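K.L.:
return a 3D structure for these sequence lines:
(2 chains)
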There are 2 protein chains.
Amino acid sequence: VPRWRSLGEDGLIRRIRARFPLRSPEVRIPLGDDAASIRPPAGADLLLTTDQLLEEIHFRRATHPPDLLGAKALTVNLSDVAAMGGVPRWFLFSLFAPRDLPDAYLEGILRGMSREARRRRLVLLGGNVSSAPLLALDIALFGTLPAGRGALRREGARPGDGIFVTGTLGSSALGLELLERGWRWRRGRAVRRGAARAYRVAATRALRSHLAPAPPYLLARRLAMRGIPSAAIDLSDGLSTDLARLCAASGVGALVRATAVPVDPAVRRLRGRGQGLDLALHGGEEYQLLFTVPRSREPRLAREVPRGIARIGRITLRRQGLRIEREGGAVVPMRPSGFDHLLHPRPGTRGPLR
Amino acid sequence: VPRWRSLGEDGLIRRIRARFPLRSPEVRIPLGDDAASIRPPAGADLLLTTDQLLEEIHFRRATHPPDLLGAKALTVNLSDVAAMGGVPRWFLFSLFAPRDLPDAYLEGILRGMSREARRRRLVLLGGNVSSAPLLALDIALFGTLPAGRGALRREGARPGDGIFVTGTLGSSALGLELLERGWRWRRGRAVRRGAARAYRVAATRALRSHLAPAPPYLLARRLAMRGIPSAAIDLSDGLSTDLARLCAASGVGALVRATAVPVDPAVRRLRGRGQGLDLALHGGEEYQLLFTVPRSREPRLAREVPRGIARIGRITLRRQGLRIEREGGAVVPMRPSGFDHLLHPRPGTRGPLR
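P.N.:
Model prediction:
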């Protein structure tokens, strides 16, 4: 019997609690009662989101170091709050643990999650523990948004707006592919028996991107504060799918220039140009920010954010749909082919495991 | 392929959304974006809680009618907000669905949940859908609490306070036992081949209590508004366990009188006096309210709530621990023996399935 189980529910809850000591003045009733209570800061709206990591669906225990997994459970939620232009503040954490989960793996999860919570100043407000047939980390995250200050929504894009992405794309999907092919994360880098050293640098970059994604928190916050974007969405299921969602919400179309898509250097190196572009367009779990900017504000954007973003195309009329301009200049429809849990049982490199 | 899967994630989300049309003026950004946003009503604190129902842990698909299951996923959360004296308002719903989940079962879940959401005026703010190896319904529920008006917390009980419970106890655990022994819920009543008609009435009461628990929402609200209880907790894991939690939070002990515990009539009928008391003391998932009242307020309680509650004992000094006075008058320690997910792999009648 693992030690964590012999603690019983209340004992394990106390142990989890001790890992998240941060409190905040808004908390009126901290975790430990039937429900927690906060007094929302005056003049702020509240943001609410939830996301889960399920074993064999979103991760494999054998390939995901537990501390990175614990942190990632927060990251996927933090990315949503950041993509709205908000400040993350409080969270609930429910843990589903198989009866044979090793103590060391559970400890690793808590260590990684608590480190990330400290870094982002998140206060734990409650949650749940339950035995379960599979390991799952379930987070509900709450943030604030200064009232009146515009949230970054999906629905504000207009024809003529520029389309931008932060960072580079395709590396998370490549990282997943490499994990499935036997690469492992050891002490901060990718390893695989017999792999060439030159290959390893790119593999490390890809694995890190998948195991420990780093959304552009500060950049998203700055864009929101300055009121620059007309719309935004975080890239969780692949550029083609998430751009389609933004366009649907805004009632517009989009034209993407293939040559402008920032394919990650590791992806270019290990997969070449064509397949690399495919990963960048459709690979999931990037957690970069996709946003649109009215032409009149593009000069301000260039001043405020001189680097780290790429202009990949422009918003068009709805009836023109989603299109991509290929390298040679041909314009063809772009099908949303990112990850879909329900449609694609085995997306391969397209996102989570199935 | 079930029809719901061919809808894809966005299609299924749209379908779920359509089942929860209720909106509220506090909602600034409704479901459908990266995160939802509310502007909390002025002068109110916010309550936050989360609870999940996992297949084979908290329910079996073969024995839990889907509409009752969908409603119960809300109920277990509503019970927490009620036990704090709050008003439930908004929720997030994440669905984990095995790939072969029949359309009819999923439809039943949504029908039951949407009916319960309408009844309680709950607004859906977001959530998630994911394929998963097991069926799970995951709810995060948010409510309001008039600021300044005291929440019903676990920590306010003092020696001398009376201990009260609402309703009757033991029937949910009995209902689970009957389901495990082949009883089934059909068209509003319990059935089993060859069962005597007289038995059936009691079985129906027990199965209903387990499949469709009904927390005392109005009573909890009234108690909170009148400021009568010194402490409160909802009975989710068994009286002995939840009373121990209330006592630990309050730093007190308790003496329960066995003859005063309101054993459910169906339990008395089908299990007799001794085993019936055992179910009432330790059986889980009752979702009744356990609360304490200072002696000075007991007369007001009697006037405000003339029926539907039982005074089962009194709060004592911490060093006296948790005790029970048996029928003959002997006072013995009472061990918290309710359900614990981690300690008891197969609690039998003591709570959820394992």
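K.L.:
show me where the stretch 51-200 of chain A has strands.
P.N.:
A:87-97, A:123-131, A:136-146, A:162-166, A:184-186, A:189-191 (DSSP state E, counting those that start in this stretch).
K.L.:
which secondary structure elements does the last one sit against?
P.N.:
By that I understand strand A:189-191. Judged by 3 or more C-beta pairs under 8 Å, 6 or more residues apart in numbering or on different chains; DSSP states H and E, strand A:189-191 is in contact with strand A:184-186, helix A:197-211. Yep, even glycine has a C-beta here, placed from its N, CA and C like the rest.
K.L.:
now the shortest one: buried residues?
P.N.:
Within strand A:184-186, the residues that qualify as buried by neighbour count (16 or more other C-beta atoms under 10 Å in any protein chain shown) are residue A:185.
K.L.:
hmm, who's touching it?
P.N.:
Residues outside strand A:184-186 that contact it (C-beta atoms under 8 Å, 6 or more residues apart in numbering or on different chains): A:63, A:65, A:68, A:190, A:191, A:192, A:207, A:208, A:211.
K.L.:
may I have the host helix or strand of residue A:292 exported as CSV, CA atoms only?
P.N.:
Using DSSP states H and E, residue A:292 sits within strand A:289-293. The C-alpha atoms that make up strand A:289-293 are tabulated as CSV, following Å, rounded to 0.1, in the frame of the first residue of the first chain:
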residue,chain,number,x,y,z
LEU,A,289,-1.5,33.2,-28.3
LEU,A,290,-3.3,33.8,-31.6
PHE,A,291,-4.7,37.3,-31.9
THR,A,292,-5.9,39.8,-34.4
VAL,A,293,-5.2,43.5,-34.6
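K.L.:
of the helices and strands packed on strand A:189-191, flag the one that's most buried.
P.N.:
Ranked by mean neighbour count, the helices and strands packed on strand A:189-191 are led by helix A:197-211 with a mean of 20 (mean count of other C-beta atoms under 10 Å in any protein chain shown).
K.L.:
so what secondary structure elements neighbour the strand holding residue A:292?
P.N.:
By 3+ C-beta pairs under 8 Å, 6+ apart, strand A:289-293 packs against strand A:162-166, helix A:217-226, strand A:231-234, helix A:239-250.
K.L.:
can I get the very next helix or strand once past that strand as PDB, trimmed to CA atoms?
P.N.:
The helix or strand immediately downstream of strand A:289-293 is helix A:298-304, counting by DSSP H and E. C-alpha atoms of helix A:298-304 as PDB (Å, rounded to 0.1, in the frame of the first residue of the first chain):
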ATOM      1  CA  GLU A 298      -0.600  47.700 -36.100                       C
ATOM      2  CA  PRO A 299       1.900  50.500 -35.800                       C
ATOM      3  CA  ARG A 300       1.300  50.600 -32.000                       C
ATOM      4  CA  LEU A 301       1.700  46.900 -31.800                       C
ATOM      5  CA  ALA A 302       5.000  47.100 -33.700                       C
ATOM      6  CA  ARG A 303       6.200  49.700 -31.200                       C
ATOM      7  CA  GLU A 304       5.000  47.900 -28.100                       C
END
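K.L.:
tell me the mean pLDDT over the next helix or strand after helix A:298-304?
P.N.:
Using DSSP H and E, the helix or strand that follows helix A:298-304 towards the C-terminus is strand A:309-316. Averaged over strand A:309-316, pLDDT sits at 98.
K.L.:
name the residues that touch strand A:309-316?
P.N.:
Counting by C-beta under 8 Å, 6+ apart, A:157-166, A:219, A:247, A:250, A:252-257, A:260-262, A:292, A:301, A:323, A:325 sit against strand A:309-316.
K.L.:
let's see that with 6 Å instead.
P.N.:
With contact meaning C-beta atoms under 6 Å, 6 or more residues apart in numbering or on different chains, strand A:309-316 is reached by A:157, A:159, A:161-166, A:252-257, A:260-262, A:292.
K.L.:
now tell me what touches the next helix or strand after that strand from outside.
P.N.:
Sequence-wise, the next helix or strand downstream of strand A:309-316 (DSSP H and E) is strand A:322-325. Identification of contacts with strand A:322-325 by C-beta under 6 Å, 6+ apart yields A:244, A:254, A:255, A:256, A:257, A:258, A:331, A:333, A:334.
K.L.:
sheet partners, orientation included, of strand A:322-325?
P.N.:
Note on strand A:322-325: by DSSP bridges, its sheet partners are strand A:253-257 (parallel), strand A:331-333 (antiparallel).
K.L.:
quick one: it to chain centroid distance?
P.N.:
Strand A:322-325 has its C-alpha centroid displaced from the chain centroid by 24 Å (C-alpha atoms, centre = their mean, to the nearest Å).
K.L.:
please identify the helix or strand for residue A:275.
P.N.:
Using DSSP H and E, residue A:275 falls in helix A:265-282.
K.L.:
coming back round to it: so which of the helices and strands packed on strand A:289-293 is the most surrounded?
P.N.:
Ranked by mean neighbours (mean count of other C-beta under 10 Å), the helices and strands packed on strand A:289-293 are led by strand A:231-234, with a mean of 26.
K.L.:
same for that one, what does it pack against?
P.N.:
Judged by 3 or more C-beta pairs under 6 Å, 6 or more residues apart in numbering or on different chains; DSSP states H and E, the packing partners of strand A:231-234 are helix A:66-83, helix A:239-250, strand A:289-293.
K.L.:
of these, which is nearest residue A:280?
P.N.:
Of all these, helix A:239-250 sits nearest to residue A:280, with 6.8 Å by C-beta to C-beta.
K.L.:
tell me what angle that closest one forms with helix A:66-83.
P.N.:
30 degrees (axes from the mean of the first three to the mean of the last three C-alpha atoms, to 10 degrees).
K.L.:
quick one on the thing from earlier: turn the helices and strands packed on strand A:231-234 into JSON lines, columns for distance to residue A:279.
P.N.:
Shown next, in JSON lines, are the helices and strands packed on strand A:231-234 (distance: least, C-beta to C-beta, whole Å):
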{"stretch": "helix A:66-83", "distance to residue A:279": "19"}
{"stretch": "helix A:239-250", "distance to residue A:279": "10"}
{"stretch": "strand A:289-293", "distance to residue A:279": "16"}
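K.L.:
got a markdown table for these, with mean pLDDT too?
P.N.:
Putting those into a markdown table (pLDDT from 0 to 100) gives the following:
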| stretch | mean pLDDT |
| --- | --- |
| helix A:66-83 | 98 |
| helix A:239-250 | 97 |
| strand A:289-293 | 98 |
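K.L.:
tell me how far residue A:310 lies from chain B.
P.N.:
Distance check for residue A:310 against chain B: by C-beta to the nearest C-beta, to the nearest Å, it reads 21 Å.
K.L.:
try residue A:109
P.N.:
Distance from residue A:109 to chain B, counting by C-beta to the nearest C-beta: 16 Å.
K.L.:
my guess is that residue meets residue A:68, correct?
P.N.:
No: Residue A:109 lies out of contact with residue A:68 (C-beta atoms under 6 Å); the separation is 9.5 Å.
K.L.:
for these two, indicate the residue with more neighbours.
P.N.:
residue A:109 (26 against 22; other C-beta atoms under 10 Å in any protein chain shown).
K.L.:
and residue A:8, what does it touch?
P.N.:
If a contact means C-beta under 6 Å, 6+ apart, then residue A:8 has B:340, B:342, B:343 as its contacts.
K.L.:
ok, and the closest non-adjacent residue to residue A:337?
P.N.:
Among residues not flanking residue A:337 along the chain, residue A:282 sits closest, at 4.7 Å (C-beta to C-beta, 6 or more residues apart in numbering or on different chains).
K.L.:
now do residue A:189
P.N.:
For residue A:189, ignoring the flanking residues on the chain, the nearest one in space by C-beta to C-beta, 6+ apart is residue A:204 at 4.5 Å.
K.L.:
any idea how far stretch A:82-96 is from the chain center?
P.N.:
With C-alpha atoms, centre = their mean, you get 12 Å for stretch A:82-96.
K.L.:
does it come close to chain B?
P.N.:
Yes: contact of stretch A:82-96 with chain B (C-beta under 6 Å from any C-beta of the partner chain) involves A:83, A:84, A:92, A:94.
K.L.:
weed out the non-buried ones from these.
P.N.:
A:83, A:84, A:92, A:94.
K.L.:
pull up the gap between the first one and residue A:311, please.
P.N.:
So the one you mean is residue A:83. To residue A:311, residue A:83 is 18 Å away according to C-beta to C-beta, to the nearest Å.
K.L.:
much appreciated, bye for now.
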